[in-house]
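> 3D model of this:
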Amino acid sequence: MAGYETLANIEGAAPFTVFSEETVPGTGFPYSPILDAFHSDPAMGGRTAAETIADLYHASYEGQEDATTISAYDLAGFDEFESALDQLAGSLQANLPDLAPAITSAAAGSQPYHFPEMKDLVSFLDSLEVRVTDEGIQAQIDELRNRALDPEFRLRNHFRNGSGEDDRNVSRSSGLGIVLPSGIGDDAFGQDGSRSLAGYQSQVPGRAWTDFLSDFVSLGGPGTPGALPSPAGHKCLSI
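The predicted structure follows:
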């Protein structure tokens, strides 16, 4: 899915990626129009290809029942983005005894998706910023938000609410999510398997956000009923 964790795992494998924060409907990507676009411009570069795929995907679901999201990123901006994320993760981890309630509330108020532990990152930052008073942390939130929304990093971001009665409202989608269970109801890590905290730690090892999540859980943050989606189980186009 369109998450930080996916970018962390594919960094170095391709310079651009196209993916969706929400689960992709069964119809999938409009492969024929995408291939037609490639055939019409054989010299198309990776950036244009990524933007084209995102645009055509979004257009293909016009008037459909399914809610959709799609975004495209240039991984050349990933290091600066992750550096800003690491700074905030370190501050949240260092201040967890005081900030845990605010983080839990902010996570619960963020844009969720089919897998509830996946939250839109900018939505979470917006929700967290109004719940903290430390000016240093607020500055780190602003820096991370700026990195996440940098048009040289985030090349495209489209979202559309579906016409179906049961479709999720995805209007707070900024293009990139992050795993952050609130611990409320089924919005939690699983007890075992790929969607457990241990599963997350094995999929995204040695990262500051992983260290923060580990401590957050140990303080009674996210519980156990939910489960973390494996990055390999969702559609992501790397170019």
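> average pLDDT across the longest helix seen in the chain?
Counting residues, the longest helix found in the chain (DSSP state H) is helix 78-94. Within the predicted structure, the mean pLDDT of helix 78-94 is 98.
> let me know the pLDDT of G190.
88.
> go through the next helix or strand after the longest helix of the chain and flag the buried ones.
Next helix or strand after helix 78-94 toward the C-terminus (DSSP states H and E): helix 96-108. Within helix 96-108, the residues that qualify as buried are 96, 99-100, 102-108, counting by 16 or more other C-beta atoms under 10 Å. Placement of C-beta: from N, CA and C, glycine included.
> of all those residues, which comes closest to Q87?
L99 (14.7 Å; C-beta to C-beta).
> what about the closest residue to the closest one other than its chain neighbours, how many residues nearby?
The shortest distance from L99 to any non-neighbouring residue, by C-beta to C-beta, 6 or more residues apart in numbering, is to L92 (6.0 Å). Under the neighbour criterion other C-beta atoms under 10 Å, L92 is assigned a count of 24.
> isn't L125 right next to Q140, touching?
No: using C-beta atoms under 8 Å, L125 makes no contact with Q140, being 9.6 Å away.
> quick one: the strands in the protein?
16-19, 68-74, 118-120, 154-160, 177-179, 236-238 (DSSP state E).
> return the most buried member of the ones you listed.
Highest mean neighbour count among the strands of the chain (mean count of other C-beta atoms under 10 Å): strand 118-120, with a mean of 28.
> of the buried residues of helix 96-108, closest to H39?
A107 (44.3 Å).
> how close does the closest one sit to E51?
Using C-beta to C-beta, to the nearest Å, A107 is found at 31 Å from E51.
> before we move on, what about T23?
22 Å.
> list the contacts for the residue most central in space within the chain?
Nearest residue to the geometric centre of the chain (C-alpha atoms, centre = their mean): G177, 1.4 Å. By C-beta atoms under 8 Å, 6 or more residues apart in numbering, the contact list for G177 reads 1-4, 21, 113, 118-121.
> ok, what's across the strand from it?
Taking DSSP bridges, one obtains G3, D120 as the residues bridged to G177.
> for E62, grab the count of nearby residues.
8.
> ok, V204 next?
V204: 20 neighbours (other C-beta under 10 Å).
> please apply the same query to S123.
22.
> check contacts around it.
Taking C-beta under 8 Å, 6+ apart, one finds 110-111, 172-174 in contact with S123.
> what's the closest non-adjacent residue to it?
Nearest to S123 is Q111, by C-beta to C-beta, 6+ apart, at 3.9 Å.
> okay, the one you found: pLDDT?
Q111 is given a pLDDT of 96.
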